[in-house]
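Chemist: give me the fold of what follows.
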Amino acid sequence: MGRYDKSAAFHEDACHYLPGGVSSNFRYQTTPLCFERGEGCYLWDLDGNRYIDYVLGNGPAILGHTPTSVLEAVRSTLGKGQAFTAVHPSELALAKRLTEIIPCAEQVRFDVSGTQGDQIAMRLARAHTGRDKVVKFEGQYHGWADNILMSVHPALNEAGPHEKPMTLAESRGQAEGVLNNVITQPFNDIDVLTKTLDRHREQVAAILMEPIACNTGVIEPKAGYLEAVRALCDRHGIVLIFDEVITGFRASLGGAQALYGVTPDIAVFAKAVAAGFPMCIVAGSRQIMQGMLEGVVHGGTYNGLTSSIAACAATVKELAHDNAAVYARMIAQGQRLVRELNELGKKHALPLHAQGIGSIFCSVFTDSPPLRDYRDYKASDGAMRLRFVEELQHRGVRTTERGTWFLSSVLSDDDVTATLEAADEALRAMKT
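Modeler: Reported below is the predicted structural model:
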């Protein structure tokens, strides 16, 4: 029998009932797998293969799969009810706690996904400023809604000049008119952004950005870049929105804004905030958040479910334990992986390059490291990256196809060692 025979058969059957055999376009895989269960940092597929998991549901499972403390908290809600269509005591308690740990959070609202969180953040910004346009950055993803799904993966021959990137739709079926209210910019270039805002400052409601470009390359901001963006927003009366869907609770408990010491007006946290349960936090200044009482509509039947609130509260408690010591361990393990992956690339004379912040990093194949913006990432060798992902998978290590690695708090040093041994073998196979 082949390594993936049962998964392959299952996928073929699934394609008859689910388009592509999955429930999200972001779950397509070069070798489709069906997973039976997860525990800690491991997943098992239908064929019984075990994987050290660095996908973690695209980031949410920061405490690993089936974390006991979170499951116990969720179980405690099941006999009490889920949707009350009113505030409940644990919802208020969590809101208070979040205002203590997220720098920008004077008030919060709960939702179920990052896509929806970004939508209400932009709506609040437009209402607050009376302007329509939003600035976003090449390669950054803010959800699949029509009005912001643009220039996430543009081809370099279609992207336009660096100093004036084209704003390009990502999906068939997007209305052409939605492009008119988005201005696309290169990440990490404050001079270009300054000139753009000089031309459009009276039209721009918000700058919406991943403070770390996690979706393409895990590219950190240059020294002083976020501070300069913050200053431009203050100068022109623009709302600064940090999309911390990935970095929230992952870069640090307070997100990238706490890590870098730059406070946005609004932030959207999701993915890791509830350790795998559906949850999104929209946090912001009281002045802007109060717009929801002044005509800005935000709704959602499943916002603030007791189970999701309990999962988030338990996740906060777990991550904050012992002065948030878990972050130091994740960062140290991630730094080891980055350092030794780069060494393995040199050993095998392959242009492997890893970079990131420890708890999340990216591996690509490029002759021109480091990655500084989307175009550097796009110019890297995608075919080699996918081959590396596939060779790692054959050896029991699972990473995202875009090259992003997410670390969980339950990853052991032995798991890291096993991962590096698999990477060594994978690179040797690629070399031959």
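Chemist: let's verify Thr31: helix, strand, or coil?
Modeler: Classification of Thr31 using DSSP: H, G, I helix; E, B strand; the rest coil returns coil.
Chemist: now it, nearest residue through space, not along the chain?
Modeler: Leaving out its chain neighbours, the residue that sits closest to Thr31 by CB to CB, 6 or more residues apart in numbering is Tyr4, at 5.9 Å. To be clear about C-beta, it is placed using only N, CA and C from the backbone, and glycine gets the same treatment.
Chemist: check contacts around the residue nearest the centre of the chain.
Modeler: Closest residue to the average C-alpha location of the chain: Ile246 at 2.8 Å, with CA atoms, centre = their mean. Residues in contact with Ile246 (CB atoms under 8 Å, 6 or more residues apart in numbering) are 59, 210, 212, 214-215, 271-272, 360.
Chemist: for Leu337, give me the pLDDT.
Modeler: pLDDT, Leu337: 98.
Chemist: related to what we said a few turns ago, strands - which of the contacts of Ile246 land there?
Modeler: Secondary structure from DSSP state E places Ile360 of these in strands.
Chemist: going through the contacts of Ile246, which ones are buried?
Modeler: Among those, those classed as buried by 16 or more other CB atoms under 10 Å are 59, 210, 212, 214-215, 271-272, 360.
Chemist: measure how buried Lys164 is and give me the count.
Modeler: The number of residues packed near Lys164 is 13, by other CB atoms under 10 Å.
Chemist: work out for me the element Ile281 sits within.
Modeler: Ile281 belongs to strand 280-284 when assigned by DSSP states H and E.
Chemist: name the SS class of the nearest residue to Arg27 once chain neighbours are set aside, please.
Modeler: Using CB to CB, 6+ apart and skipping the chain neighbours, the partner closest in space to Arg27 is Gly20 (7.9 Å). Here Gly20 is recorded as helix under three-state DSSP.
Chemist: do Glu36 as well
Modeler: Assignment for Glu36 (three-state DSSP): strand.
Chemist: and which of the contacts of Ile246 is nearest to Phe26?
Modeler: Among the contacts of Ile246, Asn215 lies closest to Phe26 (CB to CB), at 10.3 Å.
Chemist: pretty sure that closest one contacts Arg402?
Modeler: Yes. Judged on CB atoms under 8 Å, Asn215 makes contact with Arg402 at a distance of 7.3 Å.
Chemist: what are the contacting residues of stretch 62-81?
Modeler: So stretch 62-81 is in contact with 37-43, 53, 56, 249-250, 272, 274-277, 306-307, 309-311, 313-315, 317-319, 359, 406, 408-411, going by CB under 8 Å, 6+ apart.
Chemist: again, only using 7 Å
Modeler: Outside of stretch 62-81, the residues within contact range by CB atoms under 7 Å, 6 or more residues apart in numbering are 38-41, 56, 249-250, 272, 275, 277, 306-307, 310-311, 313-315, 318, 408-410.
Chemist: again, but for stretch 27-38
Modeler: Residues contacting stretch 27-38 (CB under 7 Å, 6+ apart): 4, 7, 10-11, 20-22, 43-46, 53, 65-66, 386, 390, 393, 401.
Chemist: could you do stretch 287-297 as well?
Modeler: Residues from elsewhere that reach stretch 287-297 (CB under 7 Å, 6+ apart): 107, 109, 123-124, 127-128, 239, 265-266, 298.
Chemist: nearest to Glu170 among these?
Modeler: Using CB to CB, the contacts of stretch 287-297 come closest to Glu170 at Arg123, 20.7 Å.
Chemist: in what helix or strand does the closest one lie?
Modeler: helix 114-129.
Chemist: CA atoms of that helix as PDB?
Modeler: Taking Å, rounded to 0.1, in the frame of the first residue of the first chain, the C-alpha atoms of helix 114-129 are listed here in PDB:
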ATOM      1  CA  GLY A 114     -11.100  37.700  10.900                       C
ATOM      2  CA  THR A 115     -12.800  38.500   7.600                       C
ATOM      3  CA  GLN A 116     -15.800  39.900   9.500                       C
ATOM      4  CA  GLY A 117     -13.600  41.700  12.100                       C
ATOM      5  CA  ASP A 118     -11.800  43.600   9.300                       C
ATOM      6  CA  GLN A 119     -15.100  44.500   7.800                       C
ATOM      7  CA  ILE A 120     -16.400  46.200  10.900                       C
ATOM      8  CA  ALA A 121     -13.000  47.900  11.500                       C
ATOM      9  CA  MET A 122     -13.100  49.500   8.000                       C
ATOM     10  CA  ARG A 123     -16.800  50.500   8.500                       C
ATOM     11  CA  LEU A 124     -15.900  52.200  11.800                       C
ATOM     12  CA  ALA A 125     -13.000  54.000  10.200                       C
ATOM     13  CA  ARG A 126     -15.200  55.300   7.400                       C
ATOM     14  CA  ALA A 127     -17.800  56.500   9.700                       C
ATOM     15  CA  HIS A 128     -15.300  58.200  12.000                       C
ATOM     16  CA  THR A 129     -13.500  60.100   9.200                       C
END
